[in-house]
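Undergrad: Attaching a predicted model along with its sequence, questions to come.
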2 protein chains.
Amino acid sequence: MNAPVAPPKRTRRTKGGLTLVDVARVAGVAPITVSRVLNSPEKVSPDLVQKVRAAIERTGYVPNLLAGSLASTKSRMVAAILPTIAGSVFIDTVQALTENLAAAGYQLILGQSGYENSREDELLEAIIGRRPDGIVLAGIMRSEQGRRRLQASAIPLVETWDLTPTPADMLVGFSHEDIGQAVAEFLYQRGRRRVGVISASDERAQRRNRAFLQAAVRLDMQGADGKIPFHTISAPGTAAGGRAGLRALLADHPDLDAVFCSSDMVALGVLTEAHKLGIDIPGRLAVVGLGDQPFAAETYPALTTVHLDGRKMGQIAAQFIIDRIAGTPIPEVVRNIGFTIVERESA
Amino acid sequence: MNAPVAPPKRTRRTKGGLTLVDVARVAGVAPITVSRVLNSPEKVSPDLVQKVRAAIERTGYVPNLLAGSLASTKSRMVAAILPTIAGSVFIDTVQALTENLAAAGYQLILGQSGYENSREDELLEAIIGRRPDGIVLAGIMRSEQGRRRLQASAIPLVETWDLTPTPADMLVGFSHEDIGQAVAEFLYQRGRRRVGVISASDERAQRRNRAFLQAAVRLDMQGADGKIPFHTISAPGTAAGGRAGLRALLADHPDLDAVFCSSDMVALGVLTEAHKLGIDIPGRLAVVGLGDQPFAAETYPALTTVHLDGRKMGQIAAQFIIDRIAGTPIPEVVRNIGFTIVERESA
DNA sequence: TTGAAAGCGCTAACAC
DNA sequence: GTGTTAGCGCTTTCAA
């Protein structure tokens, strides 16, 4: 039974790609030495480093990071999961993430979950299956199953753009409830008494709206019929949705004197429709957006809006993950970065 | 010399993660059967599929795609390389890419090269090192070294948002020269005779501008001094840049009657500044943007602009890569999808 | 400081 | 249909 069996000759599967072994042969060293030159050159004598670098140069070798990741159980990839990237407010966050992660040697992989959470499950499998060293979520993970899978994966996780008493792991964001309340109070202070809302239907917007409505009722800013006029559009909100929303609101509530929009894009639509209808802004109607997108300061009139620091969230999220991987203690794993109402001309 | 050496006992390095072997043990089958259930269930008998699926469910197993990629030399990842994602025109393309690739089981990895091409080389190494099954470039690869590395990697490549007689591989885009010429002719037909340009400094914009200037000179649309006024801002263009640009142009050329802007965002700034200065648009000044971003139809006045179909480019690029991987013959690897001038109110 | 051997977790290639 | 074996290209572990 112990008789050695003649080893069957197998064809190599290699696609002819250059490997570390080839470079080692060219440089006249062991493969592991090439690996060390790549990953920890300080552990290799200068002349060997020299030799190996020359061999890499000569051959045009590009290390296979997939193989490295498998062996080291470190993928040097971080995943970002967004509802959608189109017309989205998360772009600054993604930009900051990419920049900060790239500087630390990490690559971003992007997943779009859709606002309907339709593909969330398979997306999560595709992401976790690639064993990223960290995951950044735009928003919070609300599905209980999703949370369990993420926690079971033990991958460092950062939720963003929201605040919750029960974060799955780390969190950087702000309170949507606080925004709704703050905008209502802001409009009250500016003398507005008949407010309305035009909003996309996503969950975060709805929480802002709820807080806005509560504060508005408390401050007695209802319409003549005792209600706060409300128009819902599908997420993500568009300028066209804002235009339709303003017409709908005014049809039933001609005495409206302020509108809170779920995004700057929606607010832009409101401004445009108001122009068309000959409605003076801010004279007759105040308009407040959300996001402080680059164009918000350049509309006519300039848009009063809620500034959210997307870059900062991206930067902090990246740092969270880098620190967690490095084992650096993180004093506060939940960071509320707040928001500011930027008062321009439209309100 | 051939005496067998006692095998040294090594500790397993495994981090306690669940593997395919564990699932196989639970299901009472060979590891390869689990692999088949995951990748080609039609080759496994229904009752074994059943058993294995149950074991996967029970254990919460998530396949390690890194290991699968290494073994199969297929990563099921596609890389997109952009100058920058912030305020960028490429977002629709990225969105369409992600959607179409996800539907085919591919994940997107994102790389930002910066407009300065500063990090392009290390980015390329980080991307190629991950052995994506395809690479999509926003723009064309101009660096000779970059082209060589990409070609040496033999990874299917799609250049986008441009046209070149010498594509590195596949290409879907449109001619920036044609745009410049078409816009000049459009303005001429609308009776404009004193045109100017406000443009970001990126290379594609400059080619549009060159063609625009040539056509404008040919059509005798120069200013009184025989020159076409020109204002350059840094890339990517912003509304603030557009405002500054309009002031600069008018200072030297008060008789200007049309402006061609390098992006809709720049054009938005021009509209806003014109409002401030009391300049009637389109009465005294025509404004043309580029990109037909969602807000372009909703500015006041609505922006005349060049429509570029970012989604279509993303969709075609995804299809190119999917077909190439599948070995499907691709009749035309260079696709000019053209552009259209969308005439609205501003010109 | 350098190297040999043994994995990392999966799939291709080849039997039965 | 199912299983056995030998890699994929790298890094960890251990030894010198």
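TA: Nice, thanks for sending it over. Given the structure is predicted, the values throughout are model-derived calculations rather than measurements.

Undergrad: C-alpha from now on. contacts and neighbour counts both.
TA: Fine.

Undergrad: for stretch A:318-332, how far is the first residue from the last?
TA: Length of stretch A:318-332, first residue to last, C-alpha to C-alpha, to the nearest Å: 14 Å.

Undergrad: is DNA strand D contacted by it?
TA: No: against DNA strand D, stretch A:318-332 shows no contacts by C-alpha under 7 Å from any atom of the strand, the least distance being 13.3 Å.

Undergrad: Mind checking the pLDDT average for that stretch?
TA: On average, the pLDDT along stretch A:318-332 is 96.

Undergrad: so who does residue A:280 touch?
TA: Shown in contact with residue A:280 (C-alpha atoms under 8 Å, 6 or more residues apart in numbering or on different chains): residue A:274.

Undergrad: pretty sure it is in a strand, no?
TA: No: per DSSP: H, G, I helix; E, B strand; the rest coil, residue A:280 lies outside any strand segment and is coil.

Undergrad: Need the per-residue pLDDT for it.
TA: 96.

Undergrad: do residue A:299 as well
TA: Per-residue pLDDT puts residue A:299 at 88.

Undergrad: Dump stretch A:168-182 to PDB, keeping only the CA atoms.
TA: Output of stretch A:168-182 as PDB, limited to C-alpha atoms (Å, rounded to 0.1, in the frame of the first residue of the first chain):
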ATOM      1  CA  ALA A 168     -23.700  47.000  13.300                       C
ATOM      2  CA  ASP A 169     -20.100  48.000  13.800                       C
ATOM      3  CA  MET A 170     -18.700  51.500  13.100                       C
ATOM      4  CA  LEU A 171     -20.700  54.500  12.000                       C
ATOM      5  CA  VAL A 172     -20.200  58.000  10.700                       C
ATOM      6  CA  GLY A 173     -23.200  60.100   9.900                       C
ATOM      7  CA  PHE A 174     -25.800  62.500  11.100                       C
ATOM      8  CA  SER A 175     -29.400  62.500  12.300                       C
ATOM      9  CA  HIS A 176     -32.000  62.800   9.600                       C
ATOM     10  CA  GLU A 177     -34.600  63.500  12.400                       C
ATOM     11  CA  ASP A 178     -32.500  66.500  13.600                       C
ATOM     12  CA  ILE A 179     -32.400  67.800  10.000                       C
ATOM     13  CA  GLY A 180     -36.200  67.700   9.600                       C
ATOM     14  CA  GLN A 181     -36.700  69.500  12.900                       C
ATOM     15  CA  ALA A 182     -34.000  72.100  12.200                       C
END
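
Undergrad: And the strands in the stretch 1-150 of chain A?
TA: Along the stretch 1-150 of chain A, counting by DSSP state E, counting those that start in this stretch, strands occupy A:77-82, A:107-112, A:134-138.

Undergrad: Show me which residues of chain A sit near DNA strand C.
TA: A:10-11, A:13, A:28-33, A:43-45, A:47-48, A:67, A:70-72.

Undergrad: Quick check on those: which are buried?
TA: Among the residues of chain A next to DNA strand C, those classed as buried by neighbour count (16 or more other C-alpha atoms under 10 Å in any protein chain shown) are A:31, A:33, A:48, A:67, A:70.

Undergrad: Those: which ones sit near chain B?
TA: By C-alpha under 8 Å from any C-alpha of the partner chain, the members of those lying near chain B are A:67, A:70.

Undergrad: Using CSV, lay out the buried ones among the residues of chain A next to DNA strand C together with distance to residue A:181.
TA: Putting these into CSV (distance: C-alpha to C-alpha, whole Å) gives the following:
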residue, distance to residue A:181
A:31, 63
A:33, 61
A:48, 65
A:67, 52
A:70, 49
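
Undergrad: re earlier: let's have the strands of the stretch 1-150 of chain A in TSV, adding mean neighbour count, mean pLDDT and distance to chain B.
TA: Converted to TSV, these look like this (neighbours: other C-alpha atoms under 10 Å in any protein chain shown; pLDDT from 0 to 100; distance: least, C-alpha to the nearest C-alpha, whole Å):
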stretch	mean neighbour count	mean pLDDT	distance to chain B
strand A:77-82	24	97	9
strand A:107-112	24	96	4
strand A:134-138	24	97	13
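
Undergrad: Now render the ones you listed as TSV, adding distance to residue B:312.
TA: Output for the strands of the stretch 1-150 of chain A, formatted as TSV (distance: least, C-alpha to C-alpha, whole Å):
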stretch	distance to residue B:312
strand A:77-82	21
strand A:107-112	18
strand A:134-138	26
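
Undergrad: Per-residue pLDDT of residue A:2, please?
TA: Looking at residue A:2, its pLDDT stands at 38.

Undergrad: and what of residue A:117?
TA: Note on residue A:117: pLDDT of 62.

Undergrad: Point me to the residue of the stretch 101-250 of chain A nearest DNA strand C.
TA: Closest to DNA strand C within the stretch 101-250 of chain A is residue A:129: 8.2 Å, counting by C-alpha to the nearest atom of the strand.

Undergrad: Quick one: residues contacting that residue.
TA: Contacts for residue A:129 were tallied using C-alpha under 8 Å, 6+ apart; they are B:62-66.

Undergrad: and stretch A:280-296, how far out from the chain's middle?
TA: Going by C-alpha atoms, centre = their mean, to the nearest Å, the spacing between the C-alpha centre of stretch A:280-296 and its chain's C-alpha centre is 24 Å.

Undergrad: on that earlier part again, pull up the gap between the residue of the stretch 101-250 of chain A closest to DNA strand C and residue B:288, please.
TA: In this view, residue A:129 and residue B:288 are 47 Å apart by C-alpha to C-alpha.

Undergrad: Check residue A:63 too.
TA: Distance, residue A:63 to residue B:288, by C-alpha to C-alpha: 47 Å.

Undergrad: The two: who's more crowded?
TA: Neighbour count, other C-alpha atoms under 10 Å in any protein chain shown: between residue A:63 and residue B:288, residue B:288 has more, with 30 against 20.

Undergrad: got a pLDDT number for residue A:48?
TA: Value for residue A:48, per-residue pLDDT: 96.

Undergrad: for the one 4 residues further on, same thing?
TA: The predicted structure scores residue A:52 at 97 on the pLDDT scale.

Undergrad: List the contacts of it.
TA: Neighbours of residue A:52 in contact, by C-alpha under 8 Å, 6+ apart: A:23-24, A:27, A:34, A:37.

Undergrad: same thing but at 6 Å, please
TA: By C-alpha atoms under 6 Å, 6 or more residues apart in numbering or on different chains, residue A:52 lies in contact with residue A:27.

Undergrad: same deal with residue A:203?
TA: Residues near residue A:203 by C-alpha under 6 Å, 6+ apart: none.

Undergrad: quick one: it from residue A:162, how far?
TA: From residue A:203 to residue A:162 the distance is 11 Å (C-alpha to C-alpha).

Undergrad: Now for residue A:92: which residues touch it?
TA: By C-alpha under 6 Å, 6+ apart, the contact set of residue A:92 is A:310-311, B:86.

Undergrad: In JSON lines: those residues, plus pLDDT, neighbour count and distance to residue A:106.
TA: Listed next are the contacts of residue A:92 as JSON lines, based on pLDDT from 0 to 100; neighbours: other C-alpha atoms under 10 Å in any protein chain shown; distance: C-alpha to C-alpha, whole Å:
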{"residue": "A:310", "pLDDT": "97", "neighbour count": "23", "distance to residue A:106": "20"}
{"residue": "A:311", "pLDDT": "96", "neighbour count": "17", "distance to residue A:106": "17"}
{"residue": "B:86", "pLDDT": "81", "neighbour count": "16", "distance to residue A:106": "19"}
